[in-house]
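K.L.:
this is a predicted model, with the sequence first.
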Amino acid sequence: MLAIALFAFAGCAALCLAMDKHFSELLGRKPRPGQTLVLRLAGWLLLALALAAAVRHAGWAIGLAELFGLLMASLCLWVFALPYRPRWLLGLAALSLVLAPFSALGLI
Amino acid sequence: MKEGFRQAMAWLHTWAGLIFGWLLFAIFLTGTMSYFKPEITRWSQPEVPVRALDIPLALGKAQDYLQRNAGDAPNWFIQLPDERTPGITVGWRGGDGQRGFIRKTLDAATGAEVPTRETRGGDFFYRFHFQLEMPYPWGRWLATFAALMMLVGLVTGIITHKKIFKEFFTFRPGKGQRLWLDGHNAIGVLVLPFHLMISYSSLVIFMYMVMPAPILAGYDNQDSYFNEVFGGRDLVAASGEKAPMQALPQLYARLLAQAPEAKISWLEIQRPGDRNAQVLFVPDGRERVSVQRGAGWRFNGADGSLAWSARPESVAGIVSGGFYGLHMASFAGPLLRWLYFFFGLAGTAVIGTGLVMWLGKRQVKHARSGTQPFELRLVEVLNIASMSGLILAVAGFFWANRLLPVGLEGRAQWEVNLFFGVWLASLLHALLRPGRRAWGEQLALAALAWTALPLLNGLTTGQGLNHSIPGGDWAMAGFDLTVFGCGLLFAWTAAKMLREPLPTARRTPKAARTPHLEAETN
């Protein structure tokens, strides 16, 4: 279940950064051409990995419910904490990205 | 044409949301609480001792008790203990009980009757969220219609919200009306799958009531439809011949030999002690999303042979049971259950922020004159009573649960009366006090009432946090910690309300500078 949450949270962050407005607000510079596309692809890939982790964890029926639950929770955390603690969230997203594969492989 | 359509949808969103918002707020809040129905009941009946789970032992004890006390009853019901419910509940039809049904709670280890206080516990909030304490079928009709309006509000909200994707990640605090609109939109959009699922599934659950025509066209009455779809549970006829019944733990062992994964939630025993006796084991169904109605194993009580087990399911049954399961979260483990709880609160918050915005936007226009028209004052009073008033009423129910004498006649009903009494009192208070003061005072009282609940629990039962946390009793501790956390939240909002509001002169130009706000949401 942790792996689903980590992939979902990292995916949310990537998809948010894929928008020009949020990219420049959060990272303090304009995205280079192509960078937003890469972020968007990475975001969807991470969400796909979250889906795979969910289905492996609990099958399609309960897995999808878990994925939606954790994805909505990730989005709420990201969006409502963003105005207050942007740097923490970026750090948390990076940490999620690093830990997610280990969690998915059962190493943590 | 397109703008006209969007404006029409915005109009519908505004007015359907206002008229049904107050009721929907109560439905969503009590429904959200129902995700912890067993825990609330557990807190409300602290007399029931927690025992290590031992199903065969519990079955044997329940059978002994029923044999001794209800040997002549036509049927018995046994609700088994599980991780969330510590006691055994047994019930039977007897001549003299209320409505002919007698219900007792037993100690899961000793089988002794536990003298619990009379309370409806979590079941009160659960029933309220779809029956509204109104006589059948009116409460269900009204709640279902409100759910339909919720769905209407969601769909019209999606249409009205022009920038779902552009502002998907947007939340800008600290700017008056903008904050409320952003909050309303963000909670609405980010948790939209839950909102849509919960509103739509509630209509599916009551579809036989909402759309009865297909059933009435094909069947003589609704009962024959239910019998065909879910399998009849008619009482078997008694033979009149006595025959000792197999021990339930043995039948349970036989069931486990056949279905090792089965987790049994309750049993019905028909004609106990008769040669035709039948024992129905009903599984809890927690391993899957789709709730299978009519599932189970039926044994012949006299010789212990398997009489019947569940039929294969139809696709329609799986889909309908799937919506039922998604709504009730019967499959959810602790983490997913907490997520359900938070998303339920999010749904409640969407409704609440909508109501606040409807009023705030219109009050700005009258801010300079210092008076407000009757209809705005009416909405203000109803907003206060339906939100902070309900929060006070819930606290009133829990305080009543701990403070009413255990032997009081009609005690369970008195808890409910106090719930509504406090709610009514909050309405009167809101009528008498100016808006912001009323909000602040009610929330401050709620903060006090909610944060003090763990203390009250500790003083009246000896199962306060100082015992429940070291003892690992997480249902009890979880309740106390949750109400304490809610109390802190209310204290924070009360402090915000009681502080002097920003001078209106500073807000008005801002509202004037962002005229598109008006068009967006009316």
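P.N.:
Structure's in. What do you need?

K.L.:
write out the residues of chain B neighbouring chain A.
P.N.:
Selection of chain B residues close to chain A by C-beta under 8 Å from any C-beta of the partner chain yields B:169-173, B:186-187, B:190-191, B:193-194, B:288-290, B:322, B:326, B:331-332, B:335-336, B:339-340, B:342-343, B:346. For glycine as for every other residue, the C-beta is placed from the backbone atoms N, C-alpha and C.

K.L.:
so which of those are in strands?
P.N.:
Secondary structure assignment (DSSP state E) places none of those within strands.

K.L.:
in helices, which of the residues you listed fall?
P.N.:
Among these, the members falling in helices are B:186-187, B:190, B:193-194, B:322, B:326, B:335-336, B:339-340, B:342-343, B:346 (criterion: DSSP state H).

K.L.:
quick one, which of the residues of chain B next to chain A are buried?
P.N.:
With burial judged by 16 or more other C-beta atoms under 10 Å in any protein chain shown, the buried subset of the residues of chain B next to chain A is B:169-171, B:186-187, B:190-191, B:194, B:288-290, B:322, B:326, B:331-332, B:336, B:339-340, B:342-343, B:346.

K.L.:
so where's the chain shaky on pLDDT?
P.N.:
Chain wasn't specified; assuming chain A. Across chain A, nothing is flagged by pLDDT under 70.

K.L.:
I was after chain B.
P.N.:
B:1-2, B:95-99, B:175, B:231-233, B:310-311, B:500-522.

K.L.:
circling back: just flag the most distant two among the ones in helices among the residues of chain B next to chain A.
P.N.:
Among those, the pair separated by the greatest distance (C-beta to C-beta) is B:Ala186 and B:Gly322, at 28.5 Å.

K.L.:
and A:Leu71, how many neighbours?
P.N.:
Counted with other C-beta atoms under 10 Å in any protein chain shown, the neighbours of A:Leu71 add up to 23.

K.L.:
do you know how far the nearest residue to it once chain neighbours are set aside is from A:Leu47?
P.N.:
In space, and not counting its chain neighbours, A:Leu71 is closest to A:Ala8: 4.6 Å by C-beta to C-beta, 6 or more residues apart in numbering or on different chains. Distance, A:Ala8 to A:Leu47, using C-beta to C-beta, to the nearest Å: 7 Å.

K.L.:
now the end-to-end length of stretch B:40-59.
P.N.:
End-to-end distance for stretch B:40-59: 24 Å, by C-alpha to C-alpha, to the nearest Å.

K.L.:
and it, how far from the chain's centre?
P.N.:
Remark: stretch B:40-59 is offset 21 Å from the chain centroid, using C-alpha atoms, centre = their mean, to the nearest Å.

K.L.:
is B:Trp43 in a helix, a strand, or coil?
P.N.:
helix (DSSP: H, G, I helix; E, B strand; the rest coil).

K.L.:
got a list of what the residue of the stretch 351-500 of chain B found nearest chain A touches?
P.N.:
Chain A sits closest to B:Thr353 of the stretch 351-500 of chain B, with a gap of 12.9 Å, by C-beta to the nearest C-beta. Neighbouring residues of B:Thr353 by C-beta atoms under 8 Å, 6 or more residues apart in numbering or on different chains: B:Trp180, B:Gly183, B:His184, B:Ile187.
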